[in-house]
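Asks: sequence first, predicted coordinates after that:
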Amino acid sequence: MTKWHQDEEEKMVSSLCCRLPNGMRRKMGGTQQNHILGDGTSFWNFFNSWAELSRGFHQPSTTPIHQRWFPGNTPCPIHLPPMTEPGARLRLSSPPFPERILHLSKQNIAKLKQKLNSQMGTTAISSLQSYMGHLWRSITRARNLDGNEDVHLFLGIGTRPRVHLPEGYWGNGLYFKKVTLKAGEVVGKGVGWVACQIKETVEKQSEEEVMKQYSNWLKSPALVGGELFSVNTVTISSSPWYNVYGTDFGWGKPVRVRSGGANKLDGKVTLFAGCEEGSVDIELSINPHTLHQLQNDSEFLEYVTIS
């Protein structure tokens with residue numbers, strides 16, 4: 001437990017396992033980890049290592065490395081600014097926004113990717129960029145915004161491969177990058193163009209750019225704030241590449257994976273691999289009016305199943 005604010009305490013890690021009632025031979029497990037400890041890669045390395053030890057492994061296949069990495073000769077500890085003003089600490093309570101699971105099959109992802117690359121005369125748009133462009137454009141259209149309004153997409157940029165951190169590094173290796181366009185551009189220029197804007201932003205995140213991001217943060221340290229959930233925003237978290245369905249505690253392969261209720265504000269997107277190989281499940285928290293529009297958008301539903 002760690003003291004955070006006045007008399008409140010928040011758990012750094014907690015877990016719960018339940019056997020489902022009525023004779024069902026299934027178990028349900030949940031684990032939460034505070035982002036102070038690590039990112040999604042750290043979380044799933046921990047969860048899969050725990051599962052391996054439960055199955056009788058003598059040691060996990062990915063050895064955790066607890067030596068924290070900082071760029072250059074960074075003096076430690078790094079002192080964050082005091083949070084003394086009312087509301088200085090970001091609080092994201094559960095709002096009355098509905099949540100839905102958007103499923104994309106392997107076949108539909110391939111069709112969408114092929115369509116977008118064909119539109120733009122390239123082969124460089126990835127599957128992830130394809131369905132993120134499709135989702136962002138569809139949400140922007142469903143929000144029925146003025147064409148001159150700014151719309152934002154926040155992407156989590158993984159820094160581990162960019163600064164050559166070892167596979168088992170335990171900590172946070174990411175930052176968020178914002179893509180800002182006009183609503184009229186996103187809706188009017190086509191999903192292939194939108195995916196290309198995402199692609200260009202990701203390609204700019206070189207090792208040099210990562211070091212620049214970290215150096216700027218060290219000059220003025222700050223916590224990730226409410227900008228991620230500002231108006232007309234879609235925020236992407238998690239990754240379809242995490243090994244979520246390999247987490248076997250000896251009970252068999254997981255049936256479904258879902259995230260908890262934290263940070264579920266308007267436009268929050270959580271990515272997971274789907275149960276079927278090559279598919280993707282997208283958890284979407286969204287304004288009810290926007291959701292209604294999405295559920296009646298034939299162009300959006302051509303590739304996506306909503307549940």
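Replies: Yep, it's here. Numbers count the residues shown, from 1 in each chain.

Asks: so what's the residue count around residue 255?
Replies: 9 (other C-beta atoms under 10 Å). To be clear about C-beta, it is placed using only N, CA and C from the backbone, and glycine gets the same treatment.

Asks: no, scratch that, I was asking about residue 183
Replies: For residue 183, using other C-beta under 10 Å, the count is 20.

Asks: helix, strand or coil for the closest residue in space to it that isn't next to it in sequence?
Replies: Distances taken as C-beta to C-beta, 6 or more residues apart in numbering place residue 145 nearest to residue 183, at 4.1 Å, with adjacent residues excluded. What DSSP: H, G, I helix; E, B strand; the rest coil gives for residue 145 is coil.

Asks: now residue 145: how far from residue 293?
Replies: Between residue 145 and residue 293 the computed distance is 12 Å (C-beta to C-beta, to the nearest Å).

Asks: my read is that residue 139 contacts residue 289, right?
Replies: No. Counting by C-beta atoms under 8 Å, residue 139 stays clear of residue 289, with 11.5 Å between them.

Asks: so those two - more neighbours on which side?
Replies: Under the neighbour definition other C-beta under 10 Å, residue 139 and residue 289 were set side by side, and residue 139 has more, 27 against 11.

Asks: so where does the more buried one fall, helix or strand?
Replies: helix 127-142 (DSSP states H and E).

Asks: beyond that helix, next helix or strand please.
Replies: Per DSSP H and E, the helix or strand that comes after helix 127-142 is strand 150-158.

Asks: could you tell me the angle between that next one and helix 127-142?
Replies: Angle, strand 150-158 to helix 127-142, by axes from the mean of the first three to the mean of the last three C-alpha atoms, to 10 degrees: 160 degrees.

Asks: okay, now the sheet partners of strand 150-158, with direction.
Replies: According to DSSP bridges, strand 150-158 has the following sheet partners: strand 174-182 (antiparallel), strand 233-238 (parallel).

Asks: average pLDDT for the last one, rounded please.
Replies: For strand 233-238, the mean pLDDT works out to 94.

Asks: how far off strand 150-158 does the very next helix or strand once past it point, in degrees?
Replies: Next along the chain after strand 233-238, taking DSSP H and E as the criterion, comes strand 268-273. When the same axes, to 10 degrees is applied, the directions of strand 268-273 and strand 150-158 differ by 40 degrees.

Asks: quick one: strands adjacent to the helix or strand just after strand 268-273?
Replies: Counting by DSSP H and E, the next helix or strand C-terminal to strand 268-273 is strand 280-285. Strand 280-285 pairs in its sheet with strand 99-104 (antiparallel), strand 268-273 (antiparallel), by DSSP bridges.

Asks: between those, which one is closest to residue 169.
Replies: strand 268-273 (21.1 Å; C-beta to C-beta).

Asks: got the CA positions of that closest one in PDB?
Replies: C-alpha atoms of strand 268-273 as PDB (Å, rounded to 0.1, in the frame of the first residue of the first chain):
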ATOM      1  CA  LYS A 268     -11.500   5.800 -24.300                       C
ATOM      2  CA  VAL A 269     -10.400   2.800 -26.300                       C
ATOM      3  CA  THR A 270      -8.700  -0.300 -24.900                       C
ATOM      4  CA  LEU A 271      -7.200  -2.800 -27.300                       C
ATOM      5  CA  PHE A 272      -6.900  -6.600 -26.800                       C
ATOM      6  CA  ALA A 273      -6.200  -9.500 -29.100                       C
END
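
Asks: not counting its own residues, what contacts it?
Replies: Contacts with strand 268-273, where a contact means C-beta atoms under 8 Å, 6 or more residues apart in numbering, come from 135, 229, 234-242, 244-245, 257-259, 279-285.
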